[in-house]
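Novice: All I have is the shape, not the residue letters:
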């Protein structure tokens, strides 16, 4: 079925964000590229956020500070 989008999948994206300092802009860059905004974010737990993306769930994990990597 070419051209059909898959849904109900889980994706994990790891970004380099060594601390919560604003000078590391990895989150802002990924959010801009994916077209998400702060209202789409469901959780922000220990340097990991999750948000819906075209019927899928995406986890954005900040490395190396998040314990989830």
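Specialist: Right, received. Where do you want to start? None of the values given here were measured: they were computed from a predicted structure.
Novice: surely residue 61 meets residue 16?
Specialist: No. Counting by C-beta atoms under 8 Å, residue 61 does not reach residue 16; the two are 10.6 Å apart. (Each C-beta comes from the backbone N, C-alpha and C, glycine too.)
Novice: Same drill for the two, tell me which one is more crowded.
Specialist: Neighbour count, other C-beta atoms under 10 Å: between residue 61 and residue 16, residue 61 has more, with 19 against 9.
Novice: contacting residues for the more buried one?
Specialist: When contacts are counted by C-beta atoms under 8 Å, 6 or more residues apart in numbering, residue 61 touches 12, 13, 14, 15, 47, 48, 68, 69.
Novice: now do residue 8
Specialist: 55, 56.
Novice: That one and residue 64: what is the separation?
Specialist: Between residue 8 and residue 64 the computed distance is 30 Å (C-beta to C-beta, to the nearest Å).
Novice: And the residue positioned nearest the centre of the chain, what's its pLDDT?
Specialist: When C-alpha atoms, centre = their mean is applied to the chain, the residue found nearest the centroid is residue 60 (2.7 Å). As predicted, residue 60 sits at a pLDDT of 90.
Novice: Let me know the distance separating it from residue 23.
Specialist: Distance from residue 60 to residue 23, by C-beta to C-beta: 18 Å.
Novice: With residue 50 instead?
Specialist: Applying C-beta to C-beta, the value for residue 50 to residue 23 is 24 Å.
Novice: Do a quick rundown of the strands in the chain.
Specialist: Counting by DSSP state E, the chain has strands at residues 10-17, 43-44, 48-53, 56-64.
Novice: sorry, back to before: just the buried subset of the contacts of residue 61, please.
Specialist: Buried subset of the contacts of residue 61 (neighbour count, 16 or more other C-beta atoms under 10 Å): 14, 15, 47, 48.
Novice: and the nearest residue to residue 31 once chain neighbours are set aside, how many neighbours?
Specialist: Closest residue in space to residue 31, ignoring its immediate chain neighbours: residue 37 at 7.0 Å, by C-beta to C-beta, 6 or more residues apart in numbering. Residue 37 sits with 10 neighbouring residues when counted by other C-beta under 10 Å.
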